[in-house]
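Trainee: Let me see the structure of the following:
(2 chains)
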Amino acid sequence: MGGWTLKPLTGRRFTTWLVLLLIGLLAAMFVGLSVGAVSISLRDALRGEGEAAFILFDLRLPRVLSAVFVGGALAACGAAFQALLRNALASPFVLGVSGGGSLGAVLAIVLGVDAVAVGGLSISTRPAFAFSGCLAALTLIYFLARRRGHLMPQTLLLSGVVANAFFLSILGFLQYLATPHEAQEILRWMMGGLYGLSPEGALMTGALVLPGVLVLTLLGRSLNVLTLGAETARQLGVDVSRVRAVVFVTASVLTGAAVAAAGPIGFVGLFIPHGVRLLLGPDLRLLVPASFLAGGGFLVLADALARVISSPGEMPVGLVTAAVGAPCFILILISGRAQAGGPA
Amino acid sequence: MTTSPLEFRELAFRYASTPIFAGLNLRIEPGQVTAVLGPNGSGKTTLLRLATRILRPAGGTVALAGRDVSVLTPREVARLVAVVPQEEPSLFPFSVEETVLMARSPWNSGFGFATALDRKRAAECLEVVEAGHLLRRDVTRLSGGERQRVLLARALAQDAPLLVLDEPTSHLDLKHQVGILRLLERLKAAEGRTVVVISHDVNLCSRFADRMVLLAAGAILADGAPAEVLRSELLSEAYGTRISVRRVDGLDWPHVFPD
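Mentor: Predicted coordinates for the structure are as follows:
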């Protein structure tokens, strides 16, 4: 592609790409709704008949919607974190928020409060514990990384990495104390998977993720300028401190919502924004929402694949995303290097 | 008296416990090219950061177009002063045009898709710095000189009355060094822009500046026309090494030679 670049983003190109990606996402969702351990007749299900309807609306739809929100949130956050930290290798998990979430989930498992009975129904408390862990980590890292009231990317990265290491060491200790059954459960959670998701849980994830992605998209213009460096961004009129704080908190809450719903699913947040940037250019106004749609579609398909491979079992989707994501990422790196003619 | 585009009054500033300025007064005159000279660590870049409100003074005031910068928003500051940074590493493959369009950010609101007018302005500014052919190029793949001209075009597209250049010639070959400074003269004449150049290139500034301000250890050692400032004893004192100033036959601006 020899130094070739795209024309500046226009409203028309913005809309065209988002519509195309939305169509792709809907197609992926259709695939996700069609496959599963039990084959059902979609016609019966849509007529609201018995078991088929239950499988479609109570099992598969929450799962597919969760995959859209989780994959989309991770990819959109990846794009935002890469711009915020001015580092193309940043992922939503680099800042330690996910470590806090994992610790929360593991606490729920080993304390035996993983589920509470409410009126005869067993409700999983794990997402709530994981999300609380993410928020606690977010608060800790935010205040660690502040210098004279400003968030600095370098200290942010350092605080995040250190906090993550600390959370994982506590987590390791809990794992060491855990019974074999609990340890198995912890291991499974850490791989990241989409199971046991209720329709309410899926809607709650969506209620956190969609406004968050909207906020990050609306900050796209400022994020573009911020990739030029803090001093230049300031001189071009961007309120750097405010934008950094809003992006960090929003992207962290999104990461928290994704981790709470499905555990730390790897690679989606790293290579989807990369691939989308390669295809659509680095403008964050388009990159963030496009990553959301592409990441959502990707996770739906990865989960469908995981269900087909391991049918009738439940293989963690995190294994699929890593298995597909790592080779894809290597391909992107190779083609990216050929394109840039040197190290990025 | 006309309003100065940039004025420092009784400016005080310190980094941690190192005092940089203690009561500095400097008024930039509109429509002039002012060169700020001084040895490393004399406070040149600090002055620039105070002018763009990246740093806040410990005392005194900084005024842009007569307004105290401490009450201006970042966007208002960006409408009054445009900066050409010394260096700016590019990480993401934005095009040259997209990079220049980012200078329209202080004038745009909302989502800020580039208008036809913005794009015309960006193309004009690239033409002015003789970089029109770079429009579609990837900024991460420019040479040092190309990048510097693109950064200058971006600062022009910002349409601020005051233009500050931090070491504008450091990455340029001889032809482009002279080219950039000729261009600044043209801008001054054609658009009435006020230009402040922070530079180590004393000889180039001697040729193009209307006024020179010599900083040393956070104080103004000399301030006036190049012929008044470029004096051997002043420069030797400022830079802490023996420097002589000579006239070169056929050229009517003084030249500086370190001994």
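Trainee: could I get the helix-or-strand element of chain B with minimal mean pLDDT in PDB with only the CA atoms?
Mentor: The weakest-scoring helix or strand in chain B, judged by mean pLDDT, DSSP states H and E, is helix B:174-191 (a mean of 79). Coordinates of each C-alpha in helix B:174-191 appear next as PDB, following Å, rounded to 0.1, in the frame of the first residue of the first chain:
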ATOM      1  CA  LEU B 174      20.200  24.600   4.100                       C
ATOM      2  CA  LYS B 175      17.700  25.200   1.300                       C
ATOM      3  CA  HIS B 176      14.600  24.500   3.400                       C
ATOM      4  CA  GLN B 177      16.100  26.500   6.400                       C
ATOM      5  CA  VAL B 178      16.100  29.600   4.300                       C
ATOM      6  CA  GLY B 179      12.900  28.600   2.600                       C
ATOM      7  CA  ILE B 180      11.000  28.500   5.900                       C
ATOM      8  CA  LEU B 181      12.300  31.800   7.100                       C
ATOM      9  CA  ARG B 182      11.500  33.500   3.800                       C
ATOM     10  CA  LEU B 183       8.100  32.100   4.200                       C
ATOM     11  CA  LEU B 184       7.700  33.600   7.700                       C
ATOM     12  CA  GLU B 185       8.600  37.000   6.200                       C
ATOM     13  CA  ARG B 186       6.000  36.500   3.600                       C
ATOM     14  CA  LEU B 187       3.400  35.600   6.200                       C
ATOM     15  CA  LYS B 188       4.200  38.600   8.200                       C
ATOM     16  CA  ALA B 189       3.900  40.800   5.100                       C
ATOM     17  CA  ALA B 190       0.800  39.200   3.600                       C
ATOM     18  CA  GLU B 191      -1.300  38.100   6.500                       C
END
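Trainee: Whatever helix or strand comes next after that helix pairs with which strands, and in what direction?
Mentor: The helix or strand immediately downstream of helix B:174-191 is strand B:194-198, counting by DSSP states H and E. Here the strand partners of strand B:194-198, with direction, are listed using DSSP bridges: strand B:33-37 (parallel), strand B:162-166 (parallel).
Trainee: Those strands into JSON lines, with extra columns for mean pLDDT?
Mentor: Formatted as JSON lines, those follow (pLDDT from 0 to 100):
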{"stretch": "strand B:33-37", "mean pLDDT": "93"}
{"stretch": "strand B:162-166", "mean pLDDT": "93"}
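Trainee: From the contact count, pick out the helices and strands touching the least confident helix or strand of chain B.
Mentor: Counting contacts by 3 or more C-beta pairs under 8 Å, 6 or more residues apart in numbering or on different chains; DSSP states H and E, helix B:174-191 packs against strand B:33-37, helix B:144-157, strand B:162-166, strand B:194-198, helix B:202-208. Just so you know, the C-beta spots here come from the backbone N, C-alpha and C atoms, and that holds for glycine as well.
Trainee: buried residues in that helix?
Mentor: Going by neighbour count (16 or more other C-beta atoms under 10 Å in any protein chain shown), the buried part of helix B:174-191 is B:176-177, B:179-181, B:183-184, B:187-188.
Trainee: What of stretch A:18-36?
Mentor: Within stretch A:18-36, the residues scored as buried using 16+ other C-beta under 10 Å are A:18, A:21, A:25, A:28-29, A:32-33, A:36.
Trainee: Same question for stretch B:73-85.
Mentor: B:74-85.
Trainee: ok, so of these, who is nearest chain A?
Mentor: For the buried residues of stretch B:73-85, the residue nearest chain A by C-beta to the nearest C-beta is residue B:78; the value is 3.1 Å.
Trainee: Who are the contact partners of the closest one?
Mentor: With contacts defined as C-beta atoms under 8 Å, 6 or more residues apart in numbering or on different chains, residue B:78 is in contact with A:235-237, B:105-106, B:158, B:160.
Trainee: cutoff 6 Å now
Mentor: Residues in contact with residue B:78, defined by C-beta atoms under 6 Å, 6 or more residues apart in numbering or on different chains, are A:236-237, B:106.
Trainee: So, low pLDDT: which residues of the chain?
Mentor: No chain was given, so I picked chain A. Counting by pLDDT under 70, chain A shows low-confidence ranges at A:1-5, A:114-123, A:336-344.
Trainee: My question was about chain B, not that one.
Mentor: For chain B (pLDDT under 70), the answer is B:1.
Trainee: related to what we said a few turns ago, quick one: closest of the helices and strands packed on helix B:174-191 to residue B:228.
Mentor: In terms of C-beta to C-beta, the element of the helices and strands packed on helix B:174-191 nearest to residue B:228 is helix B:202-208, at 11.3 Å.
Trainee: what are the phi and psi values for residue B:82?
Mentor: phi -110, psi 140 (degrees, to the nearest 10).
Trainee: Just grab the bridge partners of it for me.
Mentor: Beta bridges link residue B:82 to residue B:163, judged by DSSP bridges.
Trainee: ok, now which ones touch it?
Mentor: Taking C-beta under 6 Å, 6+ apart, we find residue B:82 in contact with B:155, B:158, B:160, B:163.
Trainee: Give the full set of residues in contact with the last one.
Mentor: If a contact means C-beta under 6 Å, 6+ apart, then residue B:163 has B:82, B:155, B:193, B:195 as its contacts.
Trainee: Tell me, how many residues neighbour the last one?
Mentor: When you say that, I think you mean residue B:195. Using other C-beta atoms under 10 Å in any protein chain shown, residue B:195 is surrounded by 24 other residues.
Trainee: Pull the contacting residues for the closest residue to chain B within the stretch 201-344 of chain A.
Mentor: When scored by C-beta to the nearest C-beta, the stretch 201-344 of chain A has residue A:237 as its residue closest to chain B, at 3.1 Å. By C-beta under 6 Å, 6+ apart, the contact set of residue A:237 is B:74-75, B:78, B:105-106.
Trainee: to the chain's geometric centre, what's the distance from the strand or helix carrying residue A:186?
Mentor: Here residue A:186 is covered by helix A:180-191, with elements defined by DSSP H and E. Centroid separation for helix A:180-191 versus its chain: 21 Å, with C-alpha atoms, centre = their mean, to the nearest Å.
Trainee: list the buried ones in that helix?
Mentor: Buried, per 16+ other C-beta under 10 Å, within helix A:180-191: A:182-183, A:185-186, A:188-191.
Trainee: And the residue nearest to residue A:293 when sequence neighbours are not counted, how close does it get to chain B?
Mentor: Excluding the flanking residues, the one nearest residue A:293 by C-beta to C-beta, 6 or more residues apart in numbering or on different chains is residue A:21, at 3.8 Å. In this view, residue A:21 and chain B are 18 Å apart by C-beta to the nearest C-beta, to the nearest Å.
Trainee: Ramachandran coordinates for residue A:21?
Mentor: Torsion angles, degrees, to the nearest 10, at residue A:21: phi -70, psi -30.
Trainee: quick one, phi/psi of the closest residue in space to residue A:267 that isn't next to it in sequence?
Mentor: Computed as C-beta to C-beta, 6+ apart, the closest residue to residue A:267 that is not its neighbour in sequence is residue A:325, at 3.0 Å. Main-chain torsions, residue A:325, degrees, to the nearest 10: phi -70, psi -40.
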